[in-house]
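**Q** coords please:
(2 chains)
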Amino acid sequence: MSSAAEQVHHDEHHDHHAPSGIKRWLYTTNHKDIGTLYLWFAFIMFLTGGAMAMVIRAELFEPGLQIVEPNFFNQMTTVHGLIMVFGAVMPAFTGLANWMVPMMIGAPDMALPRMNNWSFWILPFAFLILLSSLFLEGGGPNFGWTFYAPLSTTYSNDSTALFVFSVHIMGASSIMGAINVIVTIFNMRAPGMTFMKMPLFVWTWLITAFLLIAVMPVLAGAVTMVLTDKFFGTSFFNAAGGGDPVMFQHIFWFFGHPEVYIMILPAFGIISQIVPTFARKPLFGYASMVYATASIALLSFIVWAHHMFTTGMPLFAEMFFMIATMLISVPTGVKVFNWVATMWRGSLTFEVPMMFALAFIVLFTIGGFSGLMLAITPVDFQYHDTYFVVAHFHYVLVTGAIFSIMAAAYYWLPKWTGKMYDVTLAKWHFWCSLISVNLLFFPMHFVGLAGMPRRIPDYSLQFADFNKWISIGGFAFGLSQLIFLALLIKACKKQGEPVSARVWEGAEGLEWEVPSPAPYHTFETPPVVK
Amino acid sequence: MSQQQYEKYYVPAQSPWPIVGAVALFLIAVGAGNFVIESSKGEDGYGGLILLAGLITLFTMLIGWFRDQIHESMNGIHSKQLGRSYRQGMSWFIFSEVMFFAAFFGALFYARVISTQWLGGASNNAMTNEVLWPGFEAIWPLVTTPDGTTTEAMGWYGLPLINTVVLLLSSVTCHFAHVGLETGNRKKLTSLLGVTILLGIFFLILQAEEYIHAYREMGLTLQSGVYGNTFFMLTGFHGLHVTLGTILLIVMFFRVLKGHFNAENQFAFMAASWYWHFVDVVWVMLFFFVYVL
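**A** Below is the predicted model of the structure:
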């Protein structure tokens, strides 16, 4: 490198040390800024999707049709799902990866910072399209977030075209984000940061990024076929032309099942960071955690048809997918065992991140067990498309993924802002969320087992009492999140006590070696990891 | 370990291009969505114009972004580490493209091995055939669909075979152009790269001819059942990728003429050639699974 180039290089570094105003956010190439954008975007989407859930619960408060039209109810369930999956959980994890992965591996930033900015800014536009399609004549997408054919082809409204293209660009965003994470981890690790020394959050994200790159293009293929079936006269999903609606489900779930792990593996990583900190012990079974994560990811490619047991697959396929699905409980069990073993004889303290992590371990395990029940083919014939399924995936996604994101926020927020957040508010947020979320989702198991179908705006009278309680739990959970909003606003205003670099007494890892708040560019030259 | 052993990290300055790119994709998505809706109803609207505006914005963004990028690269600002990031990023991007094609190949295999067979009564679906689609026979290529649409099957002899040879040859010339770059043989580099581009264009012309033939004379269209669907979607997306690859190679050609590359600094050229080889491999798969078998 010539000295002139050195000079340019230096200037450019100098240039963006203190960017300000709107350009800071629009033009940014800084992983922390982009991480913050992702996290705020995810939180806004979480509240938006949550508001739709409130509409659903208001309609289901009593039997009968009273508040919204069935078609609008369908749009709410559809867009609630799409927003929570693609707008809340995935961007929140990407935001956490942006903030933490470079700091944890001793890198100055993500490997491809400009592309990083592009992948974030696509998202608000993609969701603008999706949300504005609700106001079209005939309404927005109403076929469920899984957009099964022929609901999304023969019977859907015009907004399907906008839905398809918005999924295309949010997929492009996810792929670029994942490429960035994977390249960062492969190529930007500080000297001495070997693969088997990487923090588990980094490991889980590495594998998640691989899953994203592998399956988001398949989703793009699926929506493209829906588009051509609906608008260009193809018959991929139409038996009259030799296709098959069930083929849609195969393609969709080939994406959809790895997608489920995309939404939970980073959560495993977060919990594996938090539990050792507050148990003041190294993580039990680090290597087995890594192998378990990789096994879950590999298995996730061969279990997709457990979403389709009732479609009339051949018996052999039903057996295969049942057994493959049950196999996943082995590596998942390894993980839960290791978290518990990490706490065994540890010097436990119960700060807010730890409270969320413990709630995660218990409640995610409940979701895992109901998943195991659903995996049993003959039993699934009874549970399929009932509220039991809704209970299952909300336990793994809300008390699983979302709780882990909240745990992560409470764990790393002091590192981001340099100030301790309002712990009293945080505890209120935790207890209100914990109680209400169980009131919300636990009774769904019972109504589901008794046969209440999902995605229907009305139900039989015998489900009335449970549904009333579920709705009350839902409103309470929704309101509890406003406590979190208040806490975050206070934290962003940098109110609170300054914290030390380490923040938590038992915290280990590179991110705790740098000052709080972390400098704009964390490492300009690589730290050496012993 | 002293710090001198490691280069200082490279972090690019702020850039306006990503947000321009996001706006471009927004316009493309809104424009394409509305265009599709409007044309399905035969209405006039702004969809096409918005789509065009999006494409122009995207094009502007690409020019601007790559101009900055080339400028930085020529000034030696990029570190070796960044070069590795680019190479890895490109490899993963190609992997994502492979998975995109995998979705359509999956649809082809499913339609061929499962859905048409079942509609024809295979497995335990005798009554499906008997009651719903009486008289339907499952043969591939599916020249008669269950609802009675008929078409002709595209053979592999003739145009497709010539196209296979053309594309395989272009992969070879592309490789030796790269060898020319590595060994500093500029004449070999420019001439073989030029030949590669011409072969790419020749492929596209033949492909267009095949489509015209299919539509005009064979009655094989996008609407003629799952055989026509998989045929046009697979070859169509492949053709789109060949077009992109050819544009990439043309850009590389002019950069070669300007002397942008040498044995050390050649990521862009390498990425374009990887992309070209990838497109070629997809074609070989297509040739076997869509045309021959």
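**Q** could you find the closest non-adjacent residue to the residue of chain A found nearest chain B?
**A** At 2.7 Å from chain B, A:G221 is the closest residue in chain A, using CB to the nearest CB. The C-beta positions use only the backbone N, C-alpha and C, and glycine is treated the same way. Distance criterion CB to CB, 6 or more residues apart in numbering or on different chains; nearest residue to A:G221, sequence neighbours excluded, is B:A103 at 2.7 Å.
**Q** likewise for B:C174?
**A** Closest to B:C174 by CB to CB, 6+ apart is B:T196, at 4.6 Å.
**Q** likewise A:S516?
**A** Nearest to A:S516 is A:G418, by CB to CB, 6+ apart, at 4.6 Å.
**Q** assess the claim that that neighbour and A:P519 are in contact.
**A** No: using CB atoms under 8 Å, A:G418 makes no contact with A:P519, being 10.6 Å away.
**Q** thought A:S272 was touching A:L200?
**A** Yes: A:S272 is in contact with A:L200 according to CB under 8 Å; the separation is 3.8 Å.
**Q** joint contacts of the two?
**A** By the contact definition CB atoms under 8 Å, 6 or more residues apart in numbering or on different chains, A:S272 and A:L200 are jointly contacted by A:283, A:289.
**Q** which one's more surrounded, those two?
**A** A:S272 (26 against 23; other CB atoms under 10 Å in any protein chain shown).
**Q** please list all residues in contact with that one.
**A** A:200-201, A:204, A:283, A:289, A:335, A:338-339.
**Q** any residue of the host helix or strand of A:F125 touching chain B?
**A** Here A:F125, judged by DSSP states H and E, is contained in helix A:113-132. Yes: Helix A:113-132 reaches chain B (CB under 8 Å from any CB of the partner chain) through A:113-115, A:117-118, A:121-122, A:125-126, A:128-129.
**Q** in a markdown table, list those residues along with pLDDT and neighbour count.
**A** A markdown table is the format used below for the residues of helix A:113-132 next to chain B (pLDDT from 0 to 100; neighbours: other CB atoms under 10 Å in any protein chain shown):
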| residue | pLDDT | neighbour count |
| --- | --- | --- |
| A:P113 | 92 | 25 |
| A:R114 | 93 | 21 |
| A:M115 | 95 | 20 |
| A:N117 | 96 | 30 |
| A:W118 | 96 | 26 |
| A:W121 | 97 | 25 |
| A:I122 | 97 | 28 |
| A:F125 | 97 | 21 |
| A:A126 | 97 | 25 |
| A:L128 | 97 | 14 |
| A:I129 | 96 | 21 |
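**Q** so what's A:A391 up against?
**A** When contacts are counted by CB under 8 Å, 6+ apart, A:A391 touches A:370, A:441-442, A:444-445, A:448.
**Q** show me those residues that map onto helices.
**A** Of the contacts of A:A391, the ones assigned to helices by DSSP state H are A:370, A:441-442, A:444-445, A:448.
**Q** excluding sequence neighbours, find me the nearest residue to B:L27.
**A** B:G54 (3.0 Å).
**Q** was I right about the one you found contacting B:G33?
**A** No: at 11.0 Å, B:G54 does not count as touching B:G33 under the criterion of CB under 8 Å.
**Q** among the two, which residue is more densely surrounded?
**A** Just comparing B:G54 and B:G33: by other CB under 10 Å the higher neighbour count belongs to B:G33, 26 against 20.
**Q** the closest residue to chain A within chain B: neighbouring residues, count only.
**A** Distances between chain B and chain A by CB to the nearest CB are smallest at B:A103, namely 2.7 Å. Using other CB under 10 Å, B:A103 has 24 neighbouring residues.
**Q** please, which helix or strand holds it?
**A** helix B:80-109.
**Q** for that helix, packing partners?
**A** For helix B:80-109, the elements it packs on are helix A:160-187, helix A:200-231, helix A:245-262, helix B:225-257, helix B:267-286, judged by 3 or more CB pairs under 8 Å, 6 or more residues apart in numbering or on different chains; DSSP states H and E.
**Q** hmm, back to that, give the contact list for the residue nearest to A:G221.
**A** When contacts are counted by CB under 8 Å, 6+ apart, B:A103 touches A:217-218, A:220-222, A:225, A:251, A:254.
**Q** pull the contacting residues for the most centrally placed residue in chain B.
**A** Centroid-nearest residue in chain B: B:H241, 1.9 Å away (criterion: CA atoms, centre = their mean). Contact analysis of B:H241 by CB under 8 Å, 6+ apart lists B:97, B:275, B:279, B:282.
**Q** ok, which pair from those is furthest apart?
**A** Maximum pairwise distance among the contacts of B:H241 (CB to CB): 10.7 Å, between B:Y275 and B:V282.
**Q** contacts only, for residue 148.
**A** The chain I'm using is chain A. Contacts for A:Y148 (CB under 8 Å, 6+ apart) come out as A:245, A:248-249, A:252.
**Q** any chance of the residues you listed in CSV, plus distance to A:S471?
**A** Below are the contacts of A:Y148 laid out as CSV (distance: CB to CB, whole Å):
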residue, distance to A:S471
A:P245, 33
A:F248, 33
A:Q249, 31
A:F252, 30
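**Q** out of those, which is nearest to B:R255?
**A** So of the contacts of A:Y148, ranked by how close each gets to B:R255 (CB to CB), first place is A:F252, at 41.5 Å.
**Q** how far away is the nearest residue to the closest one once chain neighbours are set aside from A:H168?
**A** Nearest residue to A:F252, sequence neighbours excluded (CB to CB, 6+ apart): A:A222, at 5.2 Å. Computed as CB to CB, to the nearest Å, the A:A222 to A:H168 distance reads 11 Å.
**Q** those two - which one has more neighbours?
**A** Each of A:A222 and A:H168 has its neighbours counted (other CB under 10 Å); A:A222 has more, 30 against 21.
**Q** from B:Y110, how far off is the more buried one?
**A** Going from A:A222 to B:Y110 by CB to CB gives 12 Å.
**Q** you'd agree A:S347 is up against A:A279?
**A** Yes: A:S347 is within contact range of A:A279, at 7.0 Å (criterion: CB under 8 Å).
**Q** need the overlap of contacts for the two.
**A** Shared contacts of A:S347 and A:A279 (CB under 8 Å, 6+ apart): A:G506.
**Q** which of these two has more neighbours?
**A** A:A279 (23 against 10).
**Q** count of residues packed around the closest residue to that one other than its chain neighbours?
**A** Distances taken as CB to CB, 6+ apart place A:G346 nearest to A:A279, at 3.0 Å, with adjacent residues excluded. Using other CB under 10 Å, A:G346 is surrounded by 17 other residues.
**Q** same check on A:L65?
**A** 12.
**Q** picking that back up, could you report the pLDDT at the residue nearest to A:G221?
**A** pLDDT for B:A103: 97.
**Q** now do the one 10 residues further on
**A** B:V113 is assigned a pLDDT of 94 by the prediction.
**Q** one step back: quick check: the residue nearest to A:A279 is in a strand.
**A** No: under DSSP: H, G, I helix; E, B strand; the rest coil, A:G346 falls outside any strand and is assigned coil.
**Q** confidence score at it?
**A** pLDDT for A:G346: 95.
**Q** in chain A, which segments are predicted with low confidence?
**A** A:1-19, A:530 (pLDDT under 70).
**Q** hmm, try it at 50
**A** In the predicted model, chain A carries pLDDT under 50 at residues A:1-16.
**Q** what ranges do the strands span in it?
**A** Ranges of strands within chain A: none, based on DSSP state E.
**Q** got the domain ranges for it?
**A** A:30-245, A:264-518 (automatic domain parsing).
**Q** got TSV for these, with distance to B:V292 too?
**A** Below are these laid out as TSV (distance: least, CB to CB, whole Å):
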stretch	distance to B:V292
domain A:30-245	20
domain A:264-518	28
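**Q** would you mind finding the most buried of those domains?
**A** Comparing the domains of chain A by mean neighbour count (mean count of other CB atoms under 10 Å in any protein chain shown), domain A:30-245 ranks first with a mean of 22.
**Q** what are the phi and psi values at the closest residue to B:G184 other than its chain neighbours?
**A** Leaving aside its chain neighbours, B:G184 sits nearest to B:A263 (6.6 Å; criterion: CB to CB, 6+ apart). The phi/psi pair for B:A263 (degrees, to the nearest 10) reads phi -60, psi -30.
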